[in-house]
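> no sequence on hand, only this structure:
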């Protein structure tokens, strides 16, 4: 049986510690642009600046960073390095609802399989981004470690990607709206002090706002209630709590998740630079596996409507 590796891209939040833990040898790097136009390869390990400096620079919308999809040359270099070592590749990319990364990776994969006919590359469109993409990749790594083949692991990820949920609070949706990460922003757009927007992923790979709550306590109460209505087998899961310069809130939310669900493990991590450019400071959210997202999010919206009614 041929060996294979799992390769994400820089829109995941898989830092060096997580990549080493789950045997992820490399990742595809998108472009990252400073406000002055300077371009660097996107970095998952905060080698350019620390998270606090980065997100503080964005506060008050003073600094606006930009990102772009990985270029063909970088994808080819990363993939070919593994092929030359005799390894097949399972690539897991940023949502096609947000970027052309999936399409470019697919084209590069086709070119390389002509050059290396004995090798295989399968590209999976995660329809997720940021820590949700991280969680999906890790689920793939766990499946691989159980002995699944390349094809079996790819099929598994396709099957479960719509079971990866996010739920948490967002202080300011300016950055998400500006970059198109929110699908229904017109109903909720605005920055109101103390108002926390709450969103989950829809089947098109976009975050969809389901409700808004005044104050962190009410918001976190809603997170826990939403998780109760959507999560499956929490005691078996690695659950992520991700934040963009909201460490104290993340610790508090992680403690509540631990008390309510007793998961196998909780990992607190920073939203990476790439996704952070479009998310901005102020996110604190839980990422977990649960029931499959319904068409048009009808079930999830009904659940959130009930949560809102319960708090009145």
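That came in fine, so what should we check first? In this text, all values refer to a predicted model and were calculated from it rather than measured experimentally. Numbers count the residues shown, from 1 in each chain.
> for burial, what's the neighbour tally of residue 197?
Using other Cβ atoms under 10 Å, residue 197 has 27 neighbouring residues. For glycine as for every other residue, the C-beta is placed from the backbone atoms N, C-alpha and C.
> hmm, it is touching residue 167, no?
No. The criterion here is Cβ atoms under 8 Å, and residue 197 misses it with residue 167 at 11.3 Å.
> and the nearest residue to residue 46 once chain neighbours are set aside, how many neighbours?
Spatial nearest neighbour of residue 46, excluding adjacent residues (Cβ to Cβ, 6 or more residues apart in numbering): residue 273 at 7.1 Å. Number of residues near residue 273 (other Cβ under 10 Å) recorded here: 25.
> likewise residue 54?
Look at residue 54: counted by other Cβ under 10 Å, it has 22 neighbours.
> i'd like the first residue to be 698 from this point on
Yep, numbering from 698; the last one is residue 751 now.
> pLDDT of the helix or strand containing it, averaged?
Using DSSP states H and E, the element containing residue 751 is helix 748-755. For helix 748-755, the mean per-residue pLDDT is 92.
> check which helices and strands it is in contact with.
If you count contacts as 3 or more Cβ pairs under 8 Å, 6 or more residues apart in numbering; DSSP states H and E, helix 748-755 packs onto helix 970-976.
> run the chain-centre distance for the helix it packs on.
11 Å (Cα atoms, centre = their mean, to the nearest Å).
> report all helices and strands that that helix contacts.
By 3+ Cβ pairs under 8 Å, 6+ apart, helix 970-976 packs against strand 728-730, helix 748-755, strand 763-765, helix 871-875.
> rerun at 7 Å
In terms of contact count using 3 or more Cβ pairs under 7 Å, 6 or more residues apart in numbering; DSSP states H and E, helix 970-976 is assigned the packing partners helix 748-755, strand 763-765, helix 871-875.
> what's that helix in contact with?
For helix 970-976, the external contacting residues (Cβ atoms under 7 Å, 6 or more residues apart in numbering) are 707-708, 710, 727, 729, 739-740, 751-752, 762-764, 826-827, 872-873, 876, 878, 941, 968.
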